[in-house]
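Novice: Structure of the sequence below:
(one chain, ligands or ions: 1)
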Amino acid sequence: MSIALSFVKGAAIVAGGTGGIGEAICRRFAEAGAPIVLVYHGNQSKADTIKADIEAAGGQCDTFKVDLSDTAAVEELFASARQLHSHIAHVVYAAGPGFDFAKIGEIPPEQWKYVINADVNGAFNLIQCAVQQFRQQGGGNLIGVITAAVECVPKADIMSAAPKAAIEMLVRGVAKESGKFGIRANCVGPGWINAGLGKKGMEEKLSPEQVEKIRKTTIPLQKFGEADDIAYAALFLCSQQAGFVTGQTLAVDGGAQI
Ligand SMILES: NC(=O)c1ccc[n+]([C@@H]2O[C@H](COP(=O)([O-])OP(=O)(O)OC[C@H]3O[C@@H](n4cnc5c(N)ncnc54)[C@H](OP(=O)(O)O)[C@@H]3O)[C@@H](O)[C@H]2O)c1
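Specialist: Numbers count the residues shown, from 1 in each chain. From the prediction side, this is the model:
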């Protein structure tokens, strides 16, 4: 006997679809039957590759280049998505700017402003349009990919945790205000993931000895996560089997924040 997840039929808008984590989310949601609206910022060739792969496997994927911090551009994105799809079942925020590890006393103020604007205002623009869309159509699932670091203040990584803490509160706010409209809103909190920003940080900013120390001493499961670990958590939270789950953050971090 096997148990399969089931989903309300409709498209999935994945913001940050060209990221290490967002790519896996696009691929797994497509496998689950959702037409994908892949939103990227600069990496058109990766967007094209993901689209081609999904379509070759019999799925549907349309790509849109959007700066999420531009409110009008996000509104246009939803208008285009509505022309393509009669129902948008899922909206996933898996985007975020790149930045260097730095202690609070050493963060250049301009970099702080850039990160807060790109991440918090970008997420707000997407979330606000998602709520309006979901209310019009009578429900939907919102996912915020944040960070497990919101559970416990990380050292030299506040630019990851602070904006994601704001996004977590926004998502919980949606759950509280809009549950009565059939909207569920949850977050997934990645720990150290061997993809995207996490992989780049481990390869470029840390020595192999530091990476090994992190693995052995800070992660109870003693391994790094994969992008698919985050994608499957998001898929579960959007499934009908998670139909009574809202306003929650599922940390997917090998137990690092226990
Ligand atoms: N990977 C990890 O280990 C890990 C752990 C904890 C938390 N997280 C968080 O999870 C999120 C996704 O992580 P990731 O590793 O997949 O990051 P990533 O590989 O760096 O991908 C970031 C994504 O965000 C997009 N993006 C950046 N600025 C944007 C903007 N202004 N408008 C629209 N899109 C924009 C990028 O688009 P283009 O590439 O097309 O420019 C890309 O698709 C990040 O915010 C990260 O902080 C990651």
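
Novice: center of this protein, which residue is that?
Specialist: Residue closest to the mean C-alpha point of the chain, counted by C-alpha atoms, centre = their mean, is Ala94 at 2.3 Å.

Novice: any idea how far Gly243 is from that residue?
Specialist: Using C-beta to C-beta, to the nearest Å, one gets 22 Å for the distance from Ala94 to Gly243. The way it works is simple: take the backbone N, C-alpha and C, and place the C-beta from them, glycine included.

Novice: Tell me, how many residues neighbour the residue lying closest to Gly138 once chain neighbours are set aside?
Specialist: The spatial neighbour of Gly138 that comes closest, neighbours along the chain excluded (C-beta to C-beta, 6 or more residues apart in numbering), is Gly182 at 5.6 Å. Neighbour count for Gly182, taken as other C-beta atoms under 10 Å: 14.

Novice: ok, now Lys176?
Specialist: Lys176 has 11 neighbouring residues, counting by other C-beta under 10 Å.

Novice: Extract the C-alpha trace of the helix or strand harbouring it and format it as CSV.
Specialist: Taking DSSP states H and E as the criterion, Lys176 maps to helix 158-178. In CSV, the C-alpha atoms belonging to helix 158-178 read as follows (Å, rounded to 0.1, in the frame of the first residue of the first chain):
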residue,chain,number,x,y,z
ILE,A,158,21.9,38.4,10.9
MET,A,159,21.3,39.5,7.3
SER,A,160,19.9,36.1,6.6
ALA,A,161,17.9,35.8,9.8
ALA,A,162,16.5,39.3,10.4
PRO,A,163,14.6,39.7,7.0
LYS,A,164,13.4,36.1,7.2
ALA,A,165,12.0,36.7,10.7
ALA,A,166,10.0,39.6,9.2
ILE,A,167,8.8,37.4,6.4
GLU,A,168,7.9,34.7,8.8
MET,A,169,5.7,37.2,10.7
LEU,A,170,4.1,38.3,7.4
VAL,A,171,3.3,34.7,6.5
ARG,A,172,1.8,34.1,10.0
GLY,A,173,-0.2,37.3,9.6
VAL,A,174,-1.7,36.0,6.4
ALA,A,175,-2.6,32.7,8.1
LYS,A,176,-4.4,34.6,10.9
GLU,A,177,-6.1,37.2,8.8
SER,A,178,-7.1,35.1,5.8
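
Novice: who touches it?
Specialist: Here helix 158-178 makes contact (C-beta atoms under 8 Å, 6 or more residues apart in numbering) with 93, 96, 99, 102, 104, 107, 111-112, 115-116, 119-120, 123-124, 127, 130-131, 134-135, 142, 144, 146-147, 149-150, 153-154, 183-187, 189, 246-247, 249.

Novice: what pLDDT, on average, does the helix or strand just after it get?
Specialist: Using DSSP H and E, the helix or strand that follows helix 158-178 in sequence is strand 183-190. When pLDDT is averaged over strand 183-190, the result is 98.

Novice: Do strand 183-190 and the ligand come into contact?
Specialist: Yes: residues of strand 183-190 contacting the ligand under C-beta under 6 Å from any ligand atom: Pro190.
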